[in-house]
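In: Pasted the sequence and its predicted model underneath.
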Amino acid sequence: MFQAFLKILSLVLLVTASSNGTAVQQTPTDLIKNQGESAEIRCSHNIQGYDRILWYKQAQNKELTFMGYHVGDSGNLEPNFRGKAKISGKANKLHSVLNVSSLSSDSAAVYFCAAYSTAVLVPTSQYKNS
């Protein structure tokens, strides 16, 4: 009975880093918080030319869910995460912060960040002489 009570009051947020080997760093590596508190997860990378940081959440026995992305000074959350989380920092300076507020049992998950590069491809055929 007591163990079940502790599980309800404490949330475990596991944080994992993965993108291009060890070039992406995520801290802290794990986090235990109480319901109602907030959690802050930091992500940084050293991959030149990667101008966005993506955030994902994976709850136990659930699929990976895209939370949002960070480009420049702007954090952009998917509609179902607005009001529950915030993305801040400077993605063009290679770091981002995810803040999950008012933690609840639905917040218990593994959170991932990834560095992302935006590329624009221009077909060369439009520049060929006819």
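Out: Sure thing, it's come through.

In: going forward, measure contacts and count neighbours with C-alpha atoms only.
Out: OK.

In: roughly how far apart are the spatially most central residue of the chain and K33?
Out: By CA atoms, centre = their mean, the chain has its centre lying nearest to W55, at 2.3 Å. Distance of W55 to K33, computed by CA to CA, to the nearest Å: 20 Å.

In: just E63 next, same as before
Out: Counting by CA to CA, the separation of E63 from K33 is 23 Å.

In: between those two, which one's more packed in?
Out: Each of E63 and K33 has its neighbours counted (other CA atoms under 10 Å); K33 has more, 16 against 9.

In: which residues pair with that one across the strands?
Out: K33 forms beta bridges with L11, as assigned by DSSP bridges.

In: May I ask you to confirm that T65 is in contact with L54?
Out: No - if you go by CA atoms under 8 Å, T65 and L54 don't touch, sitting 11.0 Å apart.

In: what about the two, which has more around it?
Out: Each of T65 and L54 has its neighbours counted (other CA under 10 Å); L54 has more, 22 against 14.

In: my guess is the more buried one contacts T118, does it?
Out: No - using CA under 8 Å, L54 is not in contact with T118; the gap is 11.8 Å.

In: Show me the strands in this protein, by range?
Out: When secondary structure is read from DSSP state E, the chain shows strands at 10-17, 24-27, 30-34, 39-45, 52-58, 65-71, 74-77, 85-90, 95-100, 110-116.

In: count of neighbours near the closest residue in space to S44 that isn't next to it in sequence?
Out: Spatially, and ignoring its direct neighbours in sequence, S44 is nearest to H95 (4.2 Å; CA to CA, 6 or more residues apart in numbering). Neighbour count of H95, defined by other CA under 10 Å: 24.

In: Now for H95: which residues touch it?
Out: 42-45, 53, 89 (CA atoms under 8 Å, 6 or more residues apart in numbering).

In: Any figure for the gap between it and D106?
Out: Distance of H95 to D106, computed by CA to CA: 26 Å.
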